[in-house]
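1. Need a 3D model of the following:
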Amino acid sequence: MIRLLQPLFSLPRRAKRLIQLTADVALITLSFLLAMLLRLDSSDFLSQPGVWLVLPVMIPVSLLIFMRLGFYRAVIRYMSVKAFKTIMLGVLGSALTLAVVNYLYQLPVPRSVPFIYALLAMFTIGGVRFGLRAIYMRGQLRYKTRVLIYGAGSSGRQLTLTLRHGNEYEPIAFIDDSPGLHRALVMGMTVYAAQDIERLIANYGIDKVLLAIPSATRQRRREVLERLEPLAVPVQTIPGMADMVSGQAKVSEMRDVAVEDLLGRDPVPPTPALMRANIYDKVVMVTGAGGSIGAELCRQILRQSPRRLLLLEVSEYGLYQIEQDLKWIADHEGYTAVHVHALLGSVQHRSRIETILRTYQVQSLYHAAAYKHVPLVEHNMVEGLRNNVMGTLETAQAAVAAEVESFVLVSTDKAVRPTNVMGASKRLAELVCQALASRQAGTRFSMVRFGNVLGSSGSVVPLFRRQIAAGGPVTVTHPDITRYFMTIPEAAQLVIQAGAMGQGGDVFVLDMGEPVRIAGLAERMIRLTGLEPVLPAEHEQAPDAAENVHIGDIAIRYTGLRPGEKLYEELLIGDNVSATRHERIMTAHESALTWPELEELVHRLFTACRHFDYGEIRQLLINAPLDYQPSSALCDLLSHAPAAPQPVTH
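-> Numbers count the residues shown, from 1 in each chain. Next comes the predicted model:
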């Protein structure tokens, strides 16, 4: 049937309106004749000329009423309850016209005929349109994805309305946790309890579940996802309420489930006084402004209305990106009074840094510039140490010389009992700040230590998404490896607040929640795409697994720990930790070096770096009070070169 009517649906709008007008003339006439037949139970009236005189007046007036009501502007395939009301008003107007014409001209039409005509016209004029709509929608249903909508609130209802007007999804039912809504009809669909989902999937061939609970807490969303995960049905979600209110997203924009929803950790609202303490109406600089954490620090700082915001970045493209991003935020959120300056430069060039700090009279400095990718630093240890340690030393000394009020070092949990050069370099950077803090009182140094952030460059989460989209395998280094995770915005806010509490030489540790098993995270991400993970053990049990594993499964492959990588990360070296006035920020009391001790260590270390003496570099790091215990053999890419590199002098 839909194929026969397809040419009709494909006609131009003007041709469709002409067809509707012609059809309505015929339907009005037919409804009138049927009304007369039903009332008189005879066809004798057909030979009475007076009966036919009503039509030349009633038909044009009825069509005019329909036009004024916008009857012919409605698209039949998208007709709704509102269109039914319009049809009813039009038919009542037509029936009233029939009664008035009959009364004025005293025609031989019984007085009850207008009432019968109204009922018949509603059935014919409205029924034909809704019938065509039903045929079209039924034909489209074969090509639509059947979905359940989790959440029967305002967002769920708006989503349903949007999906019904589209060609991609067909809402089948609502799922809601409110017992008062169960078995109720909302927008023509039944609301079911969560325990009915599995039965609905089996009975109605549900292809996907759409979450329409944008205002729910992450803990609540995590509970919902844990319930949906075993069903092996794809789960997507509408954007969060903040994105929809700000206009950055629409309710109809389906997204993959965010990993922060899987982790279920709700951020604590920032304390306004701490956020503004070192920023409001001050000159602030961020090093590494183009990196994941540095860029988010810049966004958060801009929203606290500094007098100036200086962006220092060695990557031209990274600097351009964050500058454009901040311009957009300033224009759309009302921070155009903040002067933003994009500065190219390396943190290893002290004269450049000091000149910038003195020229702009910087008051607060957030040092986020560092190489953070463990295997890359392990393979390029000299550059990693120069950037992370010398860069911190040169920038910190420049800050002291330029009388910067506050210096905040962004550190990492990998600095605790490091097994890799990156972690050792960051612990050494902490010792640099601690030594300078004890040497002078003009610049207040503090360090903030935290774990992995979701969505950062090098994060496993985007890697897993790409691997799942490509059909696998998803690569995990070890079945037992765990990591702490935090969202980038939360991490940046906590860094700013911790820096505001620093007294000098403080090491702050962020509460990262519970550690996450990476293999488990990969399994959950696979299941929420509607597929089933296949673990290496399953392949071993079924070598000819092609016949035992159904199509669509994603294999998880363990690749082995990378150089310098360890199974578990820690946030504290010892147990000497104190609470602060922020519930997710603690302060650690850890050993430090005096300035002369640090100066000697750094001098020897960089002498070895200049000579590319990898054995000496490693031994110095092992002997230093870093608790560094390398987990792999020396693997710098130049350490095994055919000929030992010679230092280059200029």
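2. would you put the C-alpha positions of stretch 333-348 in CSV?
-> The C-alpha coordinates for stretch 333-348 follow below in CSV (Å, rounded to 0.1, in the frame of the first residue of the first chain):
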residue,chain,number,x,y,z
GLU,A,333,29.3,34.3,28.4
GLY,A,334,30.1,37.9,28.9
TYR,A,335,33.8,38.0,29.8
THR,A,336,35.0,40.4,27.1
ALA,A,337,36.6,42.7,29.7
VAL,A,338,39.3,40.1,30.4
HIS,A,339,42.4,40.7,28.4
VAL,A,340,43.7,37.3,27.0
HIS,A,341,47.3,37.2,25.7
ALA,A,342,48.6,34.1,23.8
LEU,A,343,52.3,33.7,24.2
LEU,A,344,54.6,31.2,22.5
GLY,A,345,57.5,29.9,24.5
SER,A,346,59.1,27.0,26.4
VAL,A,347,59.2,26.8,30.2
GLN,A,348,62.9,25.9,29.9
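3. List the contacts of it.
-> With CB atoms under 8 Å, 6 or more residues apart in numbering as the test, stretch 333-348 has contacts from 287-289, 302-303, 305-314, 316, 319-320, 322-323, 326-327, 329-330, 352-353, 356, 360, 367, 369, 386-387, 390-392, 394-395. C-beta: built from backbone N, CA, C; applies to glycine.
4. contacts for the strand or helix carrying residue 235?
-> Applying DSSP states H and E as the criterion places residue 235 in strand 235-237. Contacts made with strand 235-237 from outside it, assessed by CB under 8 Å, 6+ apart, are listed as 208-212, 214, 221, 225, 228, 254-258, 261, 528, 530.
5. Just the buried ones out of the contacts of stretch 333-348, please.
-> Among the contacts of stretch 333-348, those classed as buried by 16 or more other CB atoms under 10 Å are 287-289, 302-303, 305-314, 319, 322-323, 326, 329-330, 352-353, 356, 360, 367, 369, 386-387, 390-392, 394-395.
6. Contacts only, for residue 411.
-> The contact partners of residue 411, taken as CB under 8 Å, 6+ apart, are 426, 429-430, 447-450, 507.
7. er, residue 205 actually
-> residue 146.
8. per-residue pLDDT, it?
-> Per-residue pLDDT puts residue 205 at 84.
9. Also residue 87?
-> 78.
10. repeat for residue 101
-> In this prediction, residue 101 carries a pLDDT score of 83.
11. Equivalent analysis for residue 415, please.
-> On pLDDT, residue 415 comes in at 90.
12. how many neighbours does residue 224 have?
-> Neighbour count for residue 224, taken as other CB atoms under 10 Å: 23.
13. My reading is that it lies in a helix. Confirm?
-> Yes - residue state for residue 224 (DSSP: H, G, I helix; E, B strand; the rest coil) corresponds to a helix.
14. Can you verify my assumption that it contacts residue 150?
-> Yes - when contacts are counted by CB atoms under 8 Å, residue 224 is listed as touching residue 150 (6.5 Å).
15. Give me the nearest residue to residue 411, chain neighbours excluded.
-> Counting by CB to CB, 6 or more residues apart in numbering, residue 411 lies nearest to residue 449, which is 4.3 Å off, once chain neighbours are set aside.
16. picking up where we left off before, among the contacts of residue 411, which two are most distant?
-> Largest separation among these by CB to CB: 429 and 450, giving 14.5 Å.
17. about what we covered before: the buried ones among the contacts of stretch 333-348 in helices, which ones?
-> 302, 319, 322-323, 326, 329-330, 352-353, 356, 360, 391-392, 394-395 (DSSP state H).
18. out of the residues you listed, who's nearest residue 484?
-> Comparing these against residue 484 with CB to CB picks out residue 392 as the nearest, at 22.6 Å.
19. ok, the closest one to residue 364 distance?
-> 16 Å (CB to CB, to the nearest Å).
20. repeat for residue 609
-> When distance is defined by CB to CB, residue 609 is 30 Å away from residue 364.
21. Next: residue 226.
-> If you measure residue 226 against residue 364 using CB to CB, the figure is 42 Å.
22. higher neighbour count, these two?
-> The residue with the greater number of neighbours, taking residue 226 and residue 364 and applying other CB under 10 Å, is residue 364; the counts read 24 against 12.
23. ok, now which ones touch the nearest residue to residue 429 once chain neighbours are set aside?
-> Excluding its sequence neighbours, the residue lying closest to residue 429 (CB to CB, 6+ apart) is residue 392, at 4.0 Å. By CB under 8 Å, 6+ apart, residue 392 lies in contact with 347, 367, 370, 409, 429, 432-433.
24. so is residue 509 in a helix, a strand, or just coil?
-> The three-state assignment at residue 509 reads strand, by three-state DSSP.
25. Does residue 558 touch residue 474 like I think?
-> No - using CB under 8 Å, residue 558 makes no contact with residue 474, being 10.2 Å away.
26. These two - which one has more neighbours?
-> When residue 558 and residue 474 are compared for neighbours, residue 474 comes out ahead with 24 against 17, by other CB under 10 Å.
27. related to what we said a few turns ago, of the contacts of strand 235-237, buried ones?
-> Applying a neighbour-count criterion of 16+ other CB under 10 Å, the buried members of the contacts of strand 235-237 are 208-212, 214, 221, 225, 228, 254, 256-258, 261, 528.
28. So which of those residues are in helices?
-> When DSSP H is applied, those are split such that 221, 225, 228, 261 fall in helices.
29. Flag whichever of those residues scores worst on pLDDT.
-> Lowest pLDDT of these: residue 261, 76.
30. hang on, the earlier thing: and the strand holding residue 235, which strands flank it?
-> For strand 235-237, sheet partners with direction are given as strand 208-211 (parallel), strand 255-256 (antiparallel), following DSSP bridges.
31. Not counting its own residues, what contacts the longest one?
-> Pointing back at strand 208-211 there. The set of residues that contact strand 208-211 without belonging to it, under CB under 8 Å, 6+ apart, is 145-151, 159, 169, 175, 197, 221, 224, 228, 231, 233-238, 254, 257, 530.
32. Then the last one?
-> Outside strand 255-256, the residues that touch it by CB under 8 Å, 6+ apart are 236-239, 465, 528-529.
33. for stretch 55-65, same thing?
-> Residues from elsewhere that reach stretch 55-65, judged by CB under 8 Å, 6+ apart: 21, 24-25, 28-29, 32, 90, 93-94, 97-98, 101.
34. next one: stretch 117-125
-> Stretch 117-125 is contacted by residues 24, 27-28, 30-32, 34-35, 87-88, 90-92, 94-95, 98 when judged by CB under 8 Å, 6+ apart.
35. now it: mean pLDDT?
-> Here the mean pLDDT over stretch 117-125 is 85, rounded to a whole number.
36. all helices for the stretch 351-500 of the chain, in order.
-> Counting by DSSP state H, counting those that start in this stretch, the stretch 351-500 of the chain has helices at residues 374-379, 381-385, 391-401, 421-439, 460-469, 488-501.
37. Those: which one's closest to residue 131?
-> Each of these has some distance to residue 131 by CB to CB; the shortest is helix 460-469, at 42.2 Å.
38. Next up, the contacts around the residue nearest the centre of the chain.
-> The residue at the geometric middle of the chain, judged as the C-alpha nearest the mean C-alpha position with CA atoms, centre = their mean, is residue 258 (5.5 Å). Each residue near residue 258 by CB under 8 Å, 6+ apart is listed here: residue 237.
39. And it, how far from residue 224?
-> The spacing between residue 258 and residue 224, counted by CB to CB, is 13 Å.
40. now swap in residue 308 and tell me
-> Distance from residue 308 to residue 224, by CB to CB: 45 Å.
41. picking that back up, any idea which of the helices of the stretch 351-500 of the chain scores lowest on pLDDT?
-> Per-stretch mean pLDDT for those is lowest at helix 460-469 (a mean of 86).
42. Just list what that one packs against, helices and strands only.
-> With contacts taken as 3 or more CB pairs under 8 Å, 6 or more residues apart in numbering; DSSP states H and E, helix 460-469 sits against strand 474-476, helix 518-527.
43. Dump the strands paired with strand 235-237 into CSV; add distance to residue 15 as well.
-> As requested, the strands paired with strand 235-237 are arranged in CSV below (distance: least, CB to CB, whole Å):
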stretch, distance to residue 15
strand 208-211, 37
strand 255-256, 40
